[in-house]
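1. sequence unknown, structure follows:
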């Protein structure tokens with residue numbers, strides 16, 4: 001699908017989209033307005049502050065420099081939102097449940113910095129502030145305790161080592177004979193008195209490399225000296241750890257405490273309403289396209305051409321007056337309306353499509369019911385009659401005749417079914433078809449337009465229309481009329497239209513936008529193709545229904561403006577540049593028969609030839625030729641059936657009676 005087709009779909013469903021946007025926006029705004037206001041307080045914490053004790057552990061500093069900052073911040077965020085921090089904060093919040101603290105607090109990084117923002121939310125502004133502050137303090141204390149815990153463990157391990165060394169030194173002093181005061185002083189003996197000349201061997205020459213206990217005094221003094229040195233080293237390390245433990249502040253530092261919020265962060269009805277409108281628009285667009293995919297009805301002129309593969313003969317706009325009063329013929333009620341102009345365009349299209357093979361018997365049908373085939377047939381017959389064509393309108397829909405309501409038929413008419421029945425009873429009597437046809441035709445209120453009603457409803461309409469007698473009726477009506485328009489049932493409902501399509505000179509298929517289904521249009525085209533019918537094209541009915549299309553606006557431009565109660569025109573001003581009728585002169589649509597220029601020239605040539613022939617015959621017989629005896633150059637003559645079209649002369653009934661009279665004379669002569 002092209003972008004224009006998508007826009008056309010949205011345009012057709014624009015009111016549904018508006019309703020979806022308004023409803024969802026109102027629902028979101030109302031639900032947001034009735035919610036309880038929620039306040040938020042924010043405390044800021046600096047991660048990895050400038051801690052001087054970090055330099056005491058070079059390995060830790062190296063690990064922090066080579067680590068991933070994003071991973072570190074993510075880990076600290078998870079710790080701030082952990083249960084341990086929430087439990088510690090809940091103790092300072094007057095016994096607030098820690099689960100509520102966890103739900104009400106959150107942490108996130110501020111931009112790309114090392115600042116962690118800890119927020120607290122609650123319906124009470126003061127409590128929201130306290131939650132943020134206490135969670136921040138608990139997080140800082142948690143980080144401090146985590147950092148100090150390692151130092152305490154190292155201090156405890158060193159203390160255990162110092163205790164063992166004290167016991168060892170005391171044991172060595174007892175063996176050497178040193179006084180308790182000397183052992184408690186933890187002072188090693190002087191190197192000159194106690195240190196052996198060779199550290200690897202005791203003074204008496206007995207080495208300790210085999211792991212045996214010292215036995216000599218010199219070896220005992222050397223062992224005591226080594227234990228004293230080790231004790232002094234561990235004691236110094238213990239003092240360093242105690243200093244580091246007292247200076248340790250952890251991995252976070254408070255930057256700012258939370259302030260008491262003055263305005264709630266939610267709800268915000270205006271913001272929620274705008275978001276709801278956007279969601280409603282997306283929802284409406286999605287539902288619209290889903291409905292288009294599930295709905296296979298034809299929506300545009302281009303779609304009709306693509307599906308049927310037939311040319312568009314005319315596009316008939318939607319008429320509100322016809323929808324309100326289906327029993328009226330728009331061409332007669334509103335001769336200058338959009339529908340009338342569309343019918344004249346259809347008549348012109350039929351002429352030009354059939355320029356090589358003229359169409360005399362024309363069938364109007366559709367794929368399904370209520371698509372406007374009877375409307376098109378009646379109005380097309382009316383515009384043909386207004387143009388001077390002797391037009392016969394045949395109601396061949398024997399199941400649900402619609403033309404009888406548009407043109408009230410006489411009760412004395414036997415109708416189409418009566419003519420066929422009489423022909424079946426009389427057999428092959430000469431002139432029987434014309435005799436019975438003369439008694440079945442009904443003259444309408446439109447000059448040059450005659451109706452052949454459907455007649456009584458038969459039990460077998462399809463067999464009746466496919467009979468040989470029906471062929472005789474078609475031959476008879478084609479001999480006495482210039483144009484025969486037949487209204488048939490829908491193609492997919494019954495086979496009546498299919499059996500008549502093969503006998504006609506042309507078929508016009510009617511498709512209604514928004515009603516005709518794609519599959520139905522394709523099947524109707526296939527049925528006509530299988531019968532070898534000559535399909536002239538498609539009439540797109542109900543164009544612009546519920547929307548302002550190009551053709552509806554184009555035809556409406558020429559429509560007559562309505563009048564108000566005082567008889568004044570409303571709407572556009574009348575174009576003063578157009579020729580106006582003289583005062584006191586009233587013109588009607590019958591005074592201006594619409595006809596293609598090519599046909600007028602053809603009729604003029606035929607009229608001139610006929611006039612010359614009549615003048616030659618009158619000259620040979622010695623009769624004077626009057627100036628008004630011939631046809632005018634603008635009026636067609638009876639040279640050919642199509643040339644009779646624009647000649648205002650006797651009606652179809654009188655022409656039929658004259659034809660029957662001539663047939664009777666020929667029979668008597670034979």
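-> That came in fine, so what should we check first? Predicted model only: the values in this text are computed from it and were never measured.
2. and the residue nearest to the spatial centre of the chain, which of the three is it?
-> Centroid-nearest residue in the chain, with C-alpha atoms, centre = their mean: residue 289, separated by 3.0 Å. Recorded secondary structure, residue 289: helix (DSSP: H, G, I helix; E, B strand; the rest coil).
3. nearest spatial neighbour of it, skipping sequence neighbours?
-> residue 9 (6.9 Å; C-beta to C-beta, 6 or more residues apart in numbering). Backbone N, C-alpha and C define where each C-beta goes, glycine included.
4. what's the burial count for that neighbour?
-> 18 (other C-beta atoms under 10 Å).
5. That one is in contact with residue 288, isn't it?
-> Yes - between residue 9 and residue 288 there is a contact under C-beta atoms under 8 Å: 6.4 Å.
6. before we move on, the earlier item: against residue 14, how distant is the residue nearest to the centre of the chain?
-> According to C-beta to C-beta, to the nearest Å, residue 289 and residue 14 sit 14 Å apart.
7. got it, and residue 104?
-> Applying C-beta to C-beta, the value for residue 104 to residue 14 is 45 Å.
8. likewise residue 437?
-> As judged by C-beta to C-beta, residue 437 and residue 14 stand 53 Å apart.
9. So between these two, which is more surrounded?
-> Neighbour count, other C-beta under 10 Å: between residue 437 and residue 14, residue 437 has more, with 24 against 13.
10. Quick check on residue 386: phi, psi?
-> phi -70, psi -30 (degrees, to the nearest 10).
11. hmm, back to that, can you tell me the element the residue nearest to residue 289 falls in?
-> Residue 9 is part of helix 3-12 when elements are defined by DSSP states H and E.
12. buried residues in that helix?
-> 8, 9, 10, 12 (16 or more other C-beta atoms under 10 Å).
13. Contacts made by stretch 513-531 with the rest, please.
-> Here stretch 513-531 makes contact (C-beta atoms under 8 Å, 6 or more residues apart in numbering) with 296-301, 303-304, 307-310, 365-368, 370-371, 491-492, 498-499, 501-502, 507, 509, 511, 535, 540-543, 545-546.
14. 6 Å instead, please
-> Contact partners of stretch 513-531, identified using C-beta atoms under 6 Å, 6 or more residues apart in numbering, comprise 296-298, 307-308, 367-368, 371, 491-492, 498, 501-502, 507, 511, 535, 542-543, 545.
15. so how far is it off the chain centroid?
-> Centroid separation between stretch 513-531 and its chain, computed with C-alpha atoms, centre = their mean, to the nearest Å, is 26 Å.
16. What average pLDDT does that stretch get?
-> Stretch 513-531 shows a mean pLDDT of 91.
17. okay but residue 511 is in contact with residue 304, surely?
-> Yes - look at residue 511 against residue 304 with C-beta atoms under 6 Å: they come within range, at 5.4 Å.
18. residues shared between the contacts of those two?
-> residue 538.
19. how far away is the residue nearest to residue 289 from residue 285?
-> 9 Å.
20. same deal with residue 296?
-> Separation of residue 296 from residue 285 (C-beta to C-beta): 20 Å.
21. Settle it for me: which of those two has more neighbours?
-> residue 285 (17 against 13).
22. tell me the average confidence for the host helix or strand of the more buried one?
-> Assigned by DSSP H and E, residue 285 falls within helix 269-294. Mean pLDDT, helix 269-294: 91.
23. So for that helix, what gets flagged as buried?
-> Residues of helix 269-294 classed as buried: 269, 272-273, 275-277, 279-281, 283-285, 288, 292 (neighbour count, 16+ other C-beta under 10 Å).
24. Which strands or helices does that helix pack on?
-> Here helix 269-294 touches helix 14-33, going by 3 or more C-beta pairs under 6 Å, 6 or more residues apart in numbering; DSSP states H and E.
25. which helices and strands sit right next to the next helix or strand after the helix it packs on?
-> Once the chain leaves helix 14-33, the next helix or strand it forms, by DSSP H and E, is strand 39-47. Under the contact criterion of 3+ C-beta pairs under 6 Å, 6+ apart, strand 39-47 touches strand 115-122, helix 125-176, strand 252-256.
26. how about 10 Å then?
-> Where contact means 3 or more C-beta pairs under 10 Å, 6 or more residues apart in numbering; DSSP states H and E, strand 39-47 is packed against helix 69-80, strand 105-109, strand 115-122, helix 125-176, strand 252-256.
27. got the angle for the helix or strand that the first one is followed by vs strand 105-109?
-> Okay, so that is helix 69-80. Next helix or strand after helix 69-80 toward the C-terminus (DSSP H and E): helix 83-91. Angle of helix 83-91 versus strand 105-109, following axes from the mean of the first three to the mean of the last three C-alpha atoms, to 10 degrees, is 130 degrees.
28. just for the protein, where's the confidence low?
-> Along the chain, segments meeting pLDDT under 70 span 1, 49-67, 178-215, 248-250, 410, 427-433, 545-670.
29. quick one: the strands in it?
-> Here the chain has its strands, by DSSP state E, at 39-47, 105-109, 115-122, 252-256, 312-317, 361-366, 391-395, 442-443, 449-452, 483-487, 506-512, 535-543.
30. Of those, which is nearest residue 385?
-> strand 449-452 (3.6 Å; C-beta to C-beta).
31. quick one: which of the buried residues of helix 3-12 is nearest residue 127?
-> Closest to residue 127 out of those is residue 10 (49.0 Å), distances taken as C-beta to C-beta.
32. From what I see, that closest one and residue 288 are in contact.
-> Yes - because the distance of 6.7 Å satisfies C-beta atoms under 10 Å, residue 10 is recorded as touching residue 288.
33. who touches both of the two?
-> Overlap of the contact sets of residue 10 and residue 288 (by C-beta atoms under 10 Å, 6 or more residues apart in numbering) consists of 16, 17.
34. Check the spacing between residue 533 and residue 305 real quick.
-> To residue 305, residue 533 is 19 Å away according to C-beta to C-beta.
35. what's the answer for residue 290, then?
-> For residue 290 relative to residue 305 (C-beta to C-beta), the value is 26 Å.
36. same thing with residue 531?
-> When residue 531 is compared with residue 305 (using C-beta to C-beta), they lie 22 Å apart.
37. if you count what's nearby, which of those two comes out ahead?
-> residue 531 (19 against 15).
38. Roughly how far does the nearest residue to the more buried one once chain neighbours are set aside sit from residue 524?
-> The shortest distance from residue 531 to any non-neighbouring residue, by C-beta to C-beta, 6+ apart, is to residue 502 (4.6 Å). Separation of residue 502 from residue 524 (C-beta to C-beta): 15 Å.
39. what's the answer for residue 73, then?
-> Note on residue 73: its distance to residue 524, by C-beta to C-beta, is 70 Å.
40. out of residue 502 and residue 524, which sits in the busier spot?
-> residue 524 (26 against 15).
41. List the residues that contact the closest residue to residue 417 other than its chain neighbours.
-> Among residues not flanking residue 417 along the chain, residue 455 sits closest, at 3.7 Å (C-beta to C-beta, 6+ apart). Applying C-beta under 10 Å, 6+ apart, we find residue 455 in contact with 395, 398, 401, 404, 409, 413-421, 440.
42. Return a ChimeraX selection command for the buried portion of the residues you listed.
-> Per 16+ other C-beta under 10 Å, the buried members of the contacts of residue 455 correspond to this ChimeraX selection:
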select :395,398,401,404,409,413,414,415,416,417,418,419,420,421,440
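43. all helices of the stretch 351-500 of the chain, in order?
-> 373-386, 403-406, 415-426, 432-440, 461-465, 468-480, 496-501 (DSSP state H, counting those that start in this stretch).
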